[in-house]
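1. Take a look and give me a structure for this.
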Amino acid sequence: MNRIFQTISLTAVMLIAMTGASGAASETETVAPETTVRDEAVPGSYLGDRAELADLKGYLGLAAENNNDLRAAFQQWQAAIKRAVRADTLPDPRLNFGYYTTPLETRGGPARYKYGLSQSLPFFGKLGAKERMALREADGFKAKFDALKLTTFLEVKKLYYEYAYLARAIEITGENIELMQYLEKIATARYTSGSAKHSDIIRPQVELGKLEDRLNSLKDLKRPLAARLNSLLDNPPDADIPFPASVPAMSITDSDDALVAMLDESNPQLAYWETVLAREEAGRDLAERDYYPDFTFGLDVTEVDKARNPGVMGDGDNPVMATMSFNVPLWFGAREAAVEESQAKIISAKRSHMGLQRKLRADLELALYKYRDAGRKIDLYRDTLVPKAEQSLGVVMEGFMTGTGTSLDLIDSEQTLLELKLAYYRALADQAQRLAEIETLVGVELPCEFHGSLLSKDQ
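-> Here you go, the predicted model:
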């Protein structure tokens with residue numbers, strides 16, 4: 001039976017025994033969880049080292065391995081790498097063949113046909129620029145893959161922590177239903193003995209119905225949350241996802257300036273725009289080299305029959321001709337437009353990078369605010385509001401048992417305690433989710449200090 005229920009039961013027993021010491025017992029109950037939490041503190045550990053998060057690490061591993069969007073992004077990255085491999089390859093040699101429908105008479109004999117082989121060579125530096133463009137494009141796909149992986153991990157973590165909150169919300173609501181059923185029995189007994197009104201029975205029954213409705217809603221929420229998590233892991237939608245046993249409460253050890261530096265250095269969305277900038281710079285280099293011609297070198301051989309008159313010099317010899325051609329870069333307007341286009345794309349990439357950097361920094365500030373606000377609420381609920389509400393419920397319960405209080409006061413105290421405990425666990429889940437958001441923004445897993453497993457069922 002839960003701690004609240006134990007407190008109420010203990011109060012009832014003490015009232016029967018007329019010892020008058022119920023307040024001290026209730027106060028002792030409220031101090032116990034804080035001591036337990038602080039005894040478990042293990043500062044300086046890392047997220048991946050925590051045994052409580054072994055199942056979360058397993059989900060992240062499954063998502064990295066099985067998520068369909070991630071696998072698609074990975075294959076796009078691999079395809080871009082293959083394109084980069086062939087970007088600096090010379091064009092294929094050209095083999096030409098010609099047949100004279102009417103033999104061409106020459107001194108050495110009639111020419112029947114000719115053939116040749118030629119190879120085009122782009123101007124110096126063009127192939128290198130194309131290769132740099134392809135490599136930077138592949139880097140862009142890699143950055144997109146990294147960004148998608150972080151986003152997927154964020155979704156998994158958020159769902160996991162929401163799942164942990166749901167587990168505790170179901171458990172606490174169930175405990176309150178047990179408490180309300182207990183109070184209903186007491187009210188019925190008192191009504192039978194004539195020491196309570198009929199309304200003292202009705203009010204607990206109404207509250208019991210409301211709690212049961214809330215519990216059913218919470219239980220129904222488990223299925224869609226599990227289905228969403230299964231979709232990220234590429235599992236069947238009805239695959240069982242057990243409730244987490246506990247989730248550590250974590251606090252970030254890095255300073256704000258260090259987090260901003262990490263964001264600038266490691267955020268994959270910023271890295272993507274850096275690859276776009278590098279690609280467009282290579283594209284401008286290529287556009288500038290288009291002012292210079294490409295060359296084609298080749299050899300042509302003409303097949304000649306025997307001369308019609310014997311004794312002719314060069315009788316039947318096949319003439320060989322070396323050829324060279326190049327394009328004339330005549331349309332300077334088009335080439336100027338190509339260079340200006342590349343320059344505009346470079347400016348666009350720089351602006352996009354700058355705008356995204358400022359947006360991400362603002363997002364980091366907001367995430368840090370929400371993270372710290374959740375931490376402040378955790379301290380407030382854990383150290384002040386929840387213990388006070390438990391004491392208040394004990395006092396009101398004592399009054400109800402002695403006939404000086406009403407069921408309305410008791411229900412009001414029970415509702416207050418329930419809402420505060422739910423808000424406490426909501427703040428715990430929010431803090432963990434905000435930490436996951438911060439890790440996504442800075443692009444790395446952050447070292448944290450741990451302050452116990454505050455979602456643990458044994459509190």
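2. So this structure: which segments form each domain?
-> Split into domains by the TED database, the chain comes to 50-89+125-292+333-442, 94-121+295-328.
3. lowest-confidence stretch among those?
-> Lowest mean pLDDT within these: domain 94-121+295-328, at a mean of 87.
4. How about the contacts made by the residue most central in space within the chain?
-> When CA atoms, centre = their mean is applied to the chain, the residue found nearest the centroid is Thr151 (1.9 Å). By CB atoms under 8 Å, 6 or more residues apart in numbering, Thr151 lies in contact with Thr440. Just so you know, the C-beta spots here come from the backbone N, C-alpha and C atoms, and that holds for glycine as well.
5. hey, where'd the strands end up in the stretch 151-300 of the chain?
-> 250-252, 295-304 (DSSP state E, counting those that start in this stretch).
6. want to throw those into CSV with mean neighbour count?
-> Converted to CSV, the strands of the stretch 151-300 of the chain look like this (neighbours: other CB atoms under 10 Å):
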stretch, mean neighbour count
strand 250-252, 19
strand 295-304, 17
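7. residue ranges of the helices in the chain, please?
-> Remark: helices assigned in the chain by DSSP state H are 3-17, 22-39, 54-66, 68-85, 126-192, 199-233, 256-266, 268-289, 332-380, 386-402, 407-442.
8. Identify whichever of the ones you listed lies nearest to Pro319.
-> Nearest to Pro319 among the helices of the chain is helix 126-192; the distance by CB to CB comes to 33.4 Å.
9. Report the angle between the closest one and helix 68-85.
-> 170 degrees (axes from the mean of the first three to the mean of the last three CA atoms, to 10 degrees).
10. Now do helix 126-192 and helix 268-289, the angle between them.
-> Computed by the same axes, to 10 degrees, the angle between helix 126-192 and helix 268-289 is 160 degrees.
11. relative to helix 386-402, how tilted is helix 126-192?
-> Using the same axes, to 10 degrees: helix 126-192 against helix 386-402 is 20 degrees.
12. what's the distance between helix 126-192 and the middle of its chain?
-> 10 Å (CA atoms, centre = their mean, to the nearest Å).
13. for stretch 399-410, same thing?
-> Stretch 399-410 sits 51 Å away from the centroid of its parent chain (CA atoms, centre = their mean).
14. go on, stretch 285-295?
-> Its chain's average C-alpha position is 43 Å from that of stretch 285-295, according to CA atoms, centre = their mean.
15. Reformat the strands of the stretch 151-300 of the chain as JSON lines; add distance to Gly394.
-> What follows is the strands of the stretch 151-300 of the chain, written out as JSON lines (distance: least, CB to CB, whole Å):
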{"stretch": "strand 250-252", "distance to Gly394": "32"}
{"stretch": "strand 295-304", "distance to Gly394": "95"}
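16. sorry, back to before: just the domains of the chain: most buried one?
-> Comparing those by mean neighbour count (mean count of other CB atoms under 10 Å), domain 50-89+125-292+333-442 ranks first with a mean of 17.
17. so Gly298 makes contact with Gly116?
-> Yes: contact between Gly298 and Gly116 holds when scored by CB atoms under 8 Å: they sit 5.5 Å apart.
18. what's the overlap in contacts for these two?
-> Taking CB under 8 Å, 6+ apart as the criterion, Gly298 and Gly116 both touch Thr323.
19. For Glu437, see how far away the residue lying closest to Ala374 once chain neighbours are set aside is.
-> Once flanking residues are discounted, Ala374 sits nearest to Gln431: 3.8 Å by CB to CB, 6 or more residues apart in numbering. Gln431 is 11 Å from Glu437, where distance means CB to CB, to the nearest Å.
20. Same question for Lys142.
-> From Lys142 across to Glu437, the span is 23 Å (CB to CB).
21. Now Gly128. Nearest residue, chain neighbours left out?
-> Excluding the flanking residues, the one nearest Gly128 by CB to CB, 6+ apart is Asp88, at 6.6 Å.
22. dump the residue contacts of the one you found.
-> For Asp88, the contacting residues are 127-128, 130-131, by CB under 8 Å, 6+ apart.
23. any chance of the residues you listed in CSV, plus distance to Asn235?
-> As requested, the contacts of Asp88 are arranged in CSV below (distance: CB to CB, whole Å):
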residue, distance to Asn235
Leu127, 47
Gly128, 47
Lys130, 43
Glu131, 41
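24. of these, closest to Ser348?
-> Among those, and counting by CB to CB, the member closest to Ser348 is Lys130, at 20.9 Å.
25. correct me, but that closest one touches Ala287?
-> No: checked against CB under 8 Å, the pair Lys130 and Ala287 is beyond contact range at 11.5 Å.
26. so what sits against both of these two?
-> With CB under 8 Å, 6+ apart as the test, Lys130 and Ala287 reach no residue in common.
27. quick one: terminal-to-terminal distance for stretch 297-311?
-> One end of stretch 297-311 to the other measures 35 Å (CA to CA, to the nearest Å).
28. any residues touching that stretch, and which ones?
-> 94, 96, 103, 106-119, 121, 315-324.
29. Mind checking which of these are in strands?
-> Judged by DSSP state E, these include 94, 96, 103, 106, 109-119, 121, 320-324 as members of strands.
30. Can you list phi and psi of Ala307 for me?
-> Here is the backbone geometry of Ala307 (degrees, to the nearest 10): phi -70, psi 150.
31. Next one: it relative to Asp379, how far apart?
-> Applying CB to CB, the value for Ala307 to Asp379 is 108 Å.
32. before we move on, what about Leu229?
-> Per CB to CB, Leu229 is found 30 Å from Asp379.
33. sorry, back to before: let me see the contact set for the residue nearest to Ala374.
-> So Gln431 contacts 249-250, 371, 374-375, 378 (CB under 8 Å, 6+ apart).
34. Out of the residues you listed, flag the one nearest to Tyr59.
-> Nearest member of those to Tyr59, counting by CB to CB, is Met250, at 17.4 Å.
35. How about that closest one, nearest residue that isn't a chain neighbour?
-> Computed as CB to CB, 6+ apart, the closest residue to Met250 that is not its neighbour in sequence is Cys448, at 3.9 Å.
36. my read: the one you found touches Ala436, true?
-> No: between Cys448 and Ala436 there is no contact under CB under 8 Å: 11.4 Å.
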